[in-house]
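*Asks:* Generate coordinates for the sequence data below:
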Amino acid sequence: MYSVYLAIPLAPLLGALVAGLFGRAIGRAGAHWVTILGVGLSTLLSLVVFMHIVVDGAEPFNGTVYTWGISDGIQFQIGFLIDRLSATMMLVVTFVSLMVHIYTIGYMHEDPGYQRFFSYISLFTFSMLMLVMSNNFLQLFFGWEAVGLVSYLLIGFWYTRESAIYANLKAFIVNRVGDFGFLLGIAAVLMYFQSMDYATVFANAESMKDTTIQVFPDVDWSLMSVIGILLFVGAMGKSAQFPLHVWLPDSMEGPTPISALIHAATMVTAGIFMVARMSPIYELSETALSFVIVIGAITAFFMGLLGLVQTDIKRVVAYSTLSQLGYMTVALGASAYAAGMFHLVTHAFFKALLFLAAGSVIIAMHHEQDMRKMGGLRKYMPITYWTSLVGSLALIGFPGSAGFFSKDGIIEAVHHSHIPGAGLAYWAVLIGVFVTALYSFRMFFLVFHGKERMDDHTREHLHETPAVVTVPLVLLAIPSVIVGAFYIEPVLFGGYFGEAIYVAPEHDVLAEVGEGYTGVTGFMLHGLVTAPFWLAAAGVLTAWFLYMKRPDLPALIKERLHLLHKVLVHKYGFDDFNQFFFAGGARGLGSMLWRLGDIKLIDGLVVNGSARAVGWFSGVIRHMQSGYLYHYAFAMIIGLLVLLGWFVSRWFVGL
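*Replies:* Below you'll find the model as predicted:
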């Protein structure tokens, strides 16, 4: 199996190198075939690994590929940890990536950067696989930064657009803030555990439970709390949690396929995966867990509200992603790691489906993204319509869909949690169900139902997108329906992840929820009489009433609640704050340093000042160069007298 493990990340890397370096030689068809074959092979082998580890129950693999370096006796290695957690992530990443690769053929077929795009998305797949397969913090950090780099390249793929350049710089800078905390957390692990290997760190974590450090003088902090919070700061950046969420909506400037690959199913879930992997550390600090659950609650509720006022179809799905990542984070903070990972997997399928369906609509609308210029697309795009409906129902947690099982599992787990902040989180995710249903079906009704609001030219050319676009939609719709019912029992209540995830007995909320579990049918029937179902139904009915029955009401509500609407449109002022204080402050500091340092000090004092000093000194010396012989004779006599005086003084000192 060792060769299989090596081939899984290397196959996409090889495809990326061939498409990137030899794209002109192999042409457009060559570029998509070499990358699709690479990712397809990786998907097939990931399925083999999944069957071997999860289905057959084989022992996890933890081995070193090679030693990258040795410093002061500490080994820095590249290695793989293949257990139930990583095997699941590998299959999700490669399958979604394969669907995106196929879909890209149709979406990007006229783009001049066709080969470059395929190279980037294949390179991203390699980077994400290195992250989830790592068995140590060094490789984790490599994958973490690699996916960030490729994300930067893909968000700014259309680099001639000023908005795209602004978006990729914003994503890059915000993630550097998170990565600073992440790197400090890794440094703390190395400093106190003297190892970068997961197994070594986790085995010794319990012995460090009571260790304290002083971040500030005379203030003791729990080492586990500090490490847990610092690592989670990295997750806040990568998984777009409040207040480091601001980059993800703007990242929609990139082509739609990368919105599905990076910002729905893979990269933004890296932080969720990392916290689940680090469960042996987080279980030793209720402070860190409380921090995680509160941040997740804020993100889940307040980012969902922003989806209510968006008019760009991709931005609605983007804010939905932010909110759903908040749900996963809340699950992690409640120690329901399995529920968070379960929602990660189901969300990967139905959110990738929604992004690709949005892309299908954009193609048909000649790259129009404003929902106010759509409407009535159901009769023109039946496949996109039905797959979008499947994705929307999964998103709101319709009974029987994949999202129903994972989202209700999170809500129930948080309801049983006693972690500080769990009460706030419960109400945030509960009310968030209504908000999710409202913005999801607001988008659905505005796009596919009601009056046709597009121009005549667009209407005349409306038709369903080609099979290369719609087939991935259908293939993603299938797991969006069935994967929840198949895996709820083993994942949430059957110890699916085994020893890959550790939960302290006093934090095991899923065990409490499992006491009342009576099977898939019983879970669904119970869901029909609980608050989440009725809140979701109320959200759908509200959306139908506002945008189908009484489409005049949203304008009246906007007028009555203009202050709240303004706050939501301005995204709570975070962009303005960052623009004024951080970006503006950085520019102001740079301008001040330029004036004081460059102009005043370097140009004024060093360069021009030295020139003026030389000019002044040469002006003084010039008066001594008179050209008169008696002046030079006088100077020689003065010099001779000085020398004689020096010798005489030395002679007297010698006596």
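*Asks:* If I look at the spatially closest residue to Leu462 that is not a sequence neighbour, what pLDDT would I see?
*Replies:* What sits nearest to Leu462 in space, not counting adjacent residues and going by C-beta to C-beta, 6 or more residues apart in numbering, is Tyr380, at 4.2 Å. Any C-beta I mention is one placed from the backbone N, CA and C, and that applies to glycine too. On pLDDT, Tyr380 comes in at 90.
*Asks:* give me every residue that touches Tyr380.
*Replies:* Applying C-beta atoms under 8 Å, 6 or more residues apart in numbering to Tyr380 gives the contacts Ala364, Leu462, His463, Glu464.
*Asks:* Where does the last one sit: helix, strand or coil?
*Replies:* The three-state label for Glu464, taken from DSSP: H, G, I helix; E, B strand; the rest coil, comes out as coil.
*Asks:* ok, it touching Thr387?
*Replies:* No. If you go by C-beta atoms under 8 Å, Glu464 and Thr387 don't touch, sitting 11.1 Å apart.
*Asks:* most neighbours, which of the contacts of Tyr380?
*Replies:* Ranked by neighbour count (other C-beta atoms under 10 Å), those have Ala364 at the top, with 22 neighbours.
*Asks:* any idea how far that one is from Leu140?
*Replies:* Plainly put, Ala364 is 41 Å away from Leu140 if you go by C-beta to C-beta, to the nearest Å.
*Asks:* Phi and psi next, for the residue nearest to Leu462.
*Replies:* Phi and psi for Tyr380, reported as degrees, to the nearest 10, are phi -90, psi -30.
*Asks:* hmm, back to that, now render the contacts of Tyr380 as TSV, adding distance to Ser401.
*Replies:* Below are those laid out as TSV (distance: C-beta to C-beta, whole Å):
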residue	distance to Ser401
Ala364	25
Leu462	28
His463	28
Glu464	24
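*Asks:* Tell me which two of those residues sit farthest apart.
*Replies:* Using C-beta to C-beta, those reach their maximum pairwise distance at Leu462 and Glu464, which is 8.8 Å.
*Asks:* Quickly list what's touching both of these two.
*Replies:* What both Leu462 and Glu464 touch, as defined by C-beta under 8 Å, 6+ apart, is the set Ala364, Tyr380, Met381.
*Asks:* And the last one, how close does it get to Phe444?
*Replies:* According to C-beta to C-beta, Met381 stands 13 Å off from Phe444.
*Asks:* Let me see the contact set for Val316.
*Replies:* Gly307, Gln310, Met371, Tyr439, Arg442, Met443.
*Asks:* secondary structure element for it?
*Replies:* Secondary-structure element containing Val316, defined by DSSP states H and E: helix 313-333.
*Asks:* Helices along the stretch 51-200 of the chain, start to end?
*Replies:* Assigned by DSSP state H, counting those that start in this stretch, the helices in the stretch 51-200 of the chain fall at 84-107, 114-133, 137-155, 162-193, 198-205.
*Asks:* any chance of those in CSV, with mean neighbour count too?
*Replies:* Formatted as CSV, the helices of the stretch 51-200 of the chain follow (neighbours: other C-beta atoms under 10 Å):
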stretch, mean neighbour count
helix 84-107, 25
helix 114-133, 26
helix 137-155, 22
helix 162-193, 18
helix 198-205, 17
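*Asks:* Indicate which one of these is closest to Lys407.
*Replies:* Nearest of those (C-beta to C-beta): helix 84-107, 17.3 Å.
*Asks:* For the host helix or strand of Leu353, give the mean pLDDT please.
*Replies:* When secondary structure is defined by DSSP H and E, Leu353 falls within helix 337-364. Mean pLDDT, computed over helix 337-364, is 89.
*Asks:* Likewise for stretch 473-493?
*Replies:* The model assigns stretch 473-493 a mean pLDDT of 90.
*Asks:* Same check on stretch 595-602?
*Replies:* Mean predicted lDDT for stretch 595-602 stands at 71.
*Asks:* Just give me how far it sits from the chain centre.
*Replies:* Its chain's C-alpha centre and that of stretch 595-602 lie 39 Å apart, by C-alpha atoms, centre = their mean, to the nearest Å.
*Asks:* same thing with stretch 404-422?
*Replies:* For stretch 404-422, the distance to the chain centre is 23 Å (C-alpha atoms, centre = their mean).
*Asks:* Over to stretch 448-467?
*Replies:* That offset, for stretch 448-467, works out to 33 Å (C-alpha atoms, centre = their mean).
*Asks:* Output it in PDB with nothing but the alpha carbons.
*Replies:* C-alpha atoms of stretch 448-467 as PDB (Å, rounded to 0.1, in the frame of the first residue of the first chain):
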ATOM      1  CA  PHE A 448     -35.600  29.700 -11.400                       C
ATOM      2  CA  HIS A 449     -39.200  31.000 -10.700                       C
ATOM      3  CA  GLY A 450     -41.200  34.100 -11.200                       C
ATOM      4  CA  LYS A 451     -41.000  36.700 -13.900                       C
ATOM      5  CA  GLU A 452     -38.300  36.500 -16.500                       C
ATOM      6  CA  ARG A 453     -36.200  39.700 -15.900                       C
ATOM      7  CA  MET A 454     -33.300  39.100 -18.400                       C
ATOM      8  CA  ASP A 455     -33.000  41.100 -21.700                       C
ATOM      9  CA  ASP A 456     -34.500  39.800 -24.900                       C
ATOM     10  CA  HIS A 457     -31.200  38.700 -26.400                       C
ATOM     11  CA  THR A 458     -30.300  36.600 -23.400                       C
ATOM     12  CA  ARG A 459     -33.800  35.100 -23.300                       C
ATOM     13  CA  GLU A 460     -33.600  34.000 -27.000                       C
ATOM     14  CA  HIS A 461     -30.300  32.200 -26.400                       C
ATOM     15  CA  LEU A 462     -31.200  30.500 -23.100                       C
ATOM     16  CA  HIS A 463     -30.700  26.700 -23.000                       C
ATOM     17  CA  GLU A 464     -29.400  24.000 -20.800                       C
ATOM     18  CA  THR A 465     -25.600  23.800 -20.500                       C
ATOM     19  CA  PRO A 466     -23.700  21.000 -22.200                       C
ATOM     20  CA  ALA A 467     -23.300  17.500 -20.600                       C
END
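*Asks:* Sweet, I'm off.
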